[in-house]
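Undergrad: Quick one, structure for this:
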Amino acid sequence: MNDEKPIFQFSATFRIKNAGRFYEEITKATGILPTDCHVSGEEITTESHNLGRSADDMWTLSSPLSDEADLSAHLRWLWNVLSPHREYLGRLIGEGVAMDISCLYKSDSDTAGFSIDSDALAVACEMNVPLEISVMIDDFSGNELDD
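TA: Residues are numbered from 1 along each chain as shown. Below is the predicted model:
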């Protein structure tokens, strides 16, 4: 039996999709610099991988908090940054611009869960955008787990 405590990691990213024509305007109107911004067809690379060409336009704002911070903290950070601009972003939604919040929960435990404080859901509720949560079970060894 493994006596080590399970590893839990979280992240949250606000995404504006397929609205490349608005990206400069969004940054100018809100004063928020995106964590990442790319347009359809652009090469996407990370420090270690070439991920190929982007299928979609994407403007993202990721929480800078440590991945050890709980998901509620990441969502609160996004809300604190976005809430002063919700009227402007709401107008973009009214014009058909797609937005969502993408979260990641990563753990080495396949039996653990997590909770989200109700006030932390304000970012999705008040912005009227979907909240997506991806769950990833990983042994953190660098090796892929068997299905």
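Undergrad: the bottom helix or strand of this structure by mean pLDDT?
TA: In the chain, the helix or strand scored least confidently by mean pLDDT, DSSP states H and E is strand 50-53, which has a mean of 60.
Undergrad: and the next element down the chain from that strand?
TA: strand 58-62 (DSSP states H and E).
Undergrad: Show the contacting residues for the closest residue to residue 79 other than its chain neighbours.
TA: Nearest non-adjacent residue to residue 79, counting by Cβ to Cβ, 6 or more residues apart in numbering: residue 123, 3.8 Å away. From N, CA and C alone the C-beta is placed, and that goes for glycine too. By Cβ atoms under 8 Å, 6 or more residues apart in numbering, the contact set of residue 123 is 14, 75, 76, 78, 79, 82, 83, 101, 131.
Undergrad: Which of the three states applies to residue 123?
TA: Following DSSP: H, G, I helix; E, B strand; the rest coil, we place residue 123 in the helix state.
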